[in-house]
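Enquirer: Any chance you can model this:
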Amino acid sequence: MKAAIYIAWRYLFSKSQQSVVNLIAYITLSVIVVATAALLIVLSAFSGLKEYSLSYAEQNSPEYTLIAKQNGVFQITPQQVQRLGDGGVQATPVLKKQAVLQWDENAAIGWFEAYPLEHETTQELLYGIPKPSQDSLLINLALYRQSGLHPDDSRTVSVSIPKRSSSALALGFGSSPLNAINGVVAGVFQSPEANDTPTVVIEYTSALALLELKGGWWVTQLNLSNSALDEKDLRALVADVFGDDILLRSRAESNAALFKLLNSEYVATYIIFTLILILALFNLAGALNVILLDKQYQLPVFKQLGMTPAAIRMVFFLLGWFQVVFGTVIGIVIGVVVVWMQALFGWVKVAPNLAYPVSLDVSQIGLVAITLLVLGAISSSVALVVATPLRRR
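Expert: Numbers count the residues shown, from 1 in each chain. Just a heads-up that it's a prediction; the model follows:
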């Protein structure tokens, strides 16, 4: 084994008398280097894009959310929120439902939000008053752009939802199946989600009347943040405070579709580039056959030295594998340098003020190295199986 390693190592750095053999060896090494660097750069770029996409989820969704297991609306008490606060958890009650928003002769499907009086809205006020009253409401930037509504115009928006029962339909002509409230536009805000869905914020008691709910704290979700507890302890606290009817969702669970999509795309990208690597490593198999043809007159010398056919095969297997190792190391170094320079200087941009995000860690380097070394070993083995000079001996 030591003799095979020594001979393969000498062959790796020795030059052939045939220039075409040297050219083929150089091309093979270049293909391995480029393939390694390309795979590392692509995985780093996609990992950076994944982290950038998930950063939006972190900004636009709470760390944890409490929702009802069955009904969309559930009732809480100030004491329950206080118990969460005593446990080091900041809780924000939110009442949010889909509704029909009407202004002038136009209408749109959107959302209305309301917050208990003791809690501030999570919206960023752009213009107007910070809180709605029973006769006013706030609109988000998306609705402002779509409708042209302005707080200074004193224009009215109607918020309508279906009634909870169909008894009104049996009252005869003139009855309406909808509950509706009207409010004058008093302010414009920017949603944390930064989406394009029309949304209004209405006064909390008006929201309860719209939903035909009695007094108290009725919410559709309870957003938790700044938790000083780990997830296991937080789930135990929530179960103790609210019982088994309330479900705690983490940010990953609330955005499960996004996480699954990004992970699937990452795996798909890796598989596609691995298939390309397999095609590229056919160059290694061809190069080994050419080298075997060039060295076939030296094979009897190995036999006279007492080397078995298996040992001779091992020499050329190690030669091909050493080429892969050498090319992989160079490719990883080039890939790391390119990713580092992109992260530092931001040469490739997706917008004038936004460089293409990249992210590199040790696990990606290990994945690329293992992939190349395994595929290189398989390619070298296949080349020796079909090698004509070795089959004759």
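
Enquirer: Surely Gly87 is in contact with Leu237?
Expert: Yes: the pair Gly87 / Leu237 is scored as a contact, 5.0 Å apart, by Cβ atoms under 8 Å. Placement of C-beta: from N, CA and C, glycine included.

Enquirer: what residues are shared contacts of these two?
Expert: Leu229 (Cβ atoms under 8 Å, 6 or more residues apart in numbering).

Enquirer: Could I get the full set of helices for the stretch 1-150 of the chain?
Expert: Taking DSSP state H, counting those that start in this stretch, the helices of the stretch 1-150 of the chain run over residues 2-13, 19-60, 78-86, 141-147.

Enquirer: Pipe the ones you listed into a markdown table and attach mean pLDDT, mean neighbour count and distance to Ser158 per row.
Expert: Output for the helices of the stretch 1-150 of the chain, formatted as a markdown table (pLDDT from 0 to 100; neighbours: other Cβ atoms under 10 Å; distance: least, Cβ to Cβ, whole Å):
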| stretch | mean pLDDT | mean neighbour count | distance to Ser158 |
| --- | --- | --- | --- |
| helix 2-13 | 71 | 15 | 79 |
| helix 19-60 | 82 | 18 | 28 |
| helix 78-86 | 85 | 15 | 31 |
| helix 141-147 | 88 | 19 | 12 |
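
Enquirer: mind checking which of those is nearest Val301?
Expert: Of all the helices of the stretch 1-150 of the chain, helix 2-13 sits nearest to Val301, with 10.3 Å by Cβ to Cβ.

Enquirer: With distance to Tyr297 as added columns, please give the helices of the stretch 1-150 of the chain in JSON lines.
Expert: Shown next, in JSON lines, are these (distance: least, Cβ to Cβ, whole Å):
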{"stretch": "helix 2-13", "distance to Tyr297": "14"}
{"stretch": "helix 19-60", "distance to Tyr297": "13"}
{"stretch": "helix 78-86", "distance to Tyr297": "82"}
{"stretch": "helix 141-147", "distance to Tyr297": "78"}
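
Enquirer: looking at those helices, which is closest to Leu248?
Expert: Nearest to Leu248 among the helices of the stretch 1-150 of the chain is helix 78-86 (11.2 Å), distances taken as Cβ to Cβ.

Enquirer: which other residues reach that closest one?
Expert: 90-91, 93, 118, 217, 222, 224, 237-238, 241-242.

Enquirer: By neighbour count, which of those wins?
Expert: Leu222 (26 neighbours; other Cβ atoms under 10 Å).

Enquirer: wait, is that residue part of a strand?
Expert: Yes: the assignment for Leu222 by DSSP: H, G, I helix; E, B strand; the rest coil puts it in a strand.

Enquirer: list the contacts for it?
Expert: Contacts for Leu222 (Cβ under 8 Å, 6+ apart) come out as 65-67, 76, 81, 91-94.

Enquirer: Show me what it is bridged to.
Expert: For Leu222, the beta-bridge partners are Leu66, Pro93 (DSSP bridges).

Enquirer: low-confidence ranges in the protein?
Expert: Judged by pLDDT under 70, the chain has its weakly predicted residues at 1, 11-12, 16-17, 56-60, 117-122, 165-175, 192-195, 226-227, 386-393.

Enquirer: Report back the residue of it that's furthest from centre.
Expert: Gln304 (60.0 Å; Cα atoms, centre = their mean).

Enquirer: how far away is it from Gln296?
Expert: Gln304 is 15 Å from Gln296, where distance means Cβ to Cβ, to the nearest Å.

Enquirer: again with Val315
Expert: Val315 sits 13 Å away from Gln296, going by Cβ to Cβ.

Enquirer: These two: which has the busier surroundings?
Expert: Comparing Val315 with Gln296 by other Cβ under 10 Å, the one with more neighbours is Val315, at 22 against 15.

Enquirer: what's the helix or strand where Arg249 lies packed up against?
Expert: Per DSSP states H and E, Arg249 falls inside strand 246-250. For strand 246-250, the packing partners by 3 or more Cβ pairs under 8 Å, 6 or more residues apart in numbering; DSSP states H and E come out as strand 64-68, helix 231-242.

Enquirer: now the following helix or strand past it, how far from the centre of its chain.
Expert: Following strand 246-250 in sequence order, the next helix or strand is helix 251-254 (DSSP H and E). Offset of helix 251-254 from its chain centre (Cα atoms, centre = their mean, to the nearest Å): 12 Å.

Enquirer: again with stretch 101-113
Expert: For stretch 101-113, the distance to the chain centre is 33 Å (Cα atoms, centre = their mean).

Enquirer: now stretch 97-113
Expert: The chain centroid and the centroid of stretch 97-113 are separated by 32 Å under Cα atoms, centre = their mean.

Enquirer: Only the buried residues of that stretch, if you could.
Expert: Within stretch 97-113, the residues scored as buried using 16 or more other Cβ atoms under 10 Å are 97, 99-103, 110-113.

Enquirer: now the contacts of Leu222 in TSV, with distance to Asp135?
Expert: Output for the contacts of Leu222, formatted as TSV (distance: Cβ to Cβ, whole Å):
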residue	distance to Asp135
Thr65	31
Leu66	31
Ile67	31
Ile76	27
Val81	28
Ala91	29
Thr92	25
Pro93	23
Val94	22
